[in-house]
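S.K.: sequence and predicted structure, then a few things I'm wondering about:
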Amino acid sequence: MNPKDIVSTQMYDKDAFSKWLGIELVDIQHGNCEIKLTVRKDMLNGFGIAHGGIAYSLADSAFAFATNSIGHQAVSIETSISHTSKVIDGDVLTAKTALINKTRKFAIYHVDITNQEDLRVASFKGTVYYTGKDW
């Protein structure tokens, strides 16, 4: 199964949360992914900026799509995020993945999240475990 089919038909089509976020699949390649979303008013916290969970969720989806796109089912075992700039209503956030290291059972990825001005707003790192099951 090709990477785009794995992500779009096996994952995204069944992912109500990513759809609620308004995530758009921009580019899916073997082990890599680019997705984006537009921040809405219902994503803002009491300070009028995007809740940190929005950037985290975008990164987590990009991470999941990238790690699973190679054809083996992967599950997250550890993640972290640093928020580096505020995100406001109307911002268009793009998440791009980068593979740091992969073994037979584990992989470490980095996800950069930028806004429409190409300003990095968050940096995410995640580790997955490959279950041994194929898509």
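M.R.: Perfect, thanks for sending it.
S.K.: now the closest residue to residue 92 other than its chain neighbours: how far from residue 51?
M.R.: Counting by C-beta to C-beta, 6 or more residues apart in numbering, residue 92 lies nearest to residue 116, which is 4.3 Å off, once chain neighbours are set aside. C-beta coordinates here come from the backbone N, C-alpha and C atoms, glycine included. According to C-beta to C-beta, to the nearest Å, residue 116 stands 19 Å off from residue 51.
S.K.: out of these two, name the residue with the larger neighbour count.
M.R.: residue 51 (16 against 12; other C-beta atoms under 10 Å).
S.K.: enumerate every residue touching the more buried one.
M.R.: Applying C-beta atoms under 8 Å, 6 or more residues apart in numbering to residue 51 gives the contacts 43-45.
S.K.: looking at these, which is nearest residue 64?
M.R.: Among those, residue 43 lies closest to residue 64 (C-beta to C-beta), at 19.5 Å.
S.K.: nearest residue to the middle of this structure?
M.R.: residue 62 (2.1 Å; C-alpha atoms, centre = their mean).
S.K.: and the longest helix along the chain, C-alpha only, in CSV?
M.R.: Longest helix of the chain, by residue count under DSSP state H: helix 52-68. Extracted as CSV, the C-alpha positions of helix 52-68 are listed here (Å, rounded to 0.1, in the frame of the first residue of the first chain):
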residue,chain,number,x,y,z
GLY,A,52,-1.3,24.8,23.3
GLY,A,53,-3.2,21.6,22.6
ILE,A,54,-3.9,22.9,19.1
ALA,A,55,-0.2,23.0,18.0
TYR,A,56,0.4,19.8,19.9
SER,A,57,-2.5,18.0,18.2
LEU,A,58,-1.4,19.2,14.8
ALA,A,59,2.2,17.9,15.5
ASP,A,60,0.9,14.7,16.9
SER,A,61,-1.2,14.0,13.8
ALA,A,62,1.8,14.8,11.5
PHE,A,63,3.9,12.5,13.6
ALA,A,64,1.4,9.7,13.4
PHE,A,65,0.9,10.0,9.7
ALA,A,66,4.6,10.1,8.9
THR,A,67,5.6,7.2,11.1
ASN,A,68,2.8,5.0,9.8
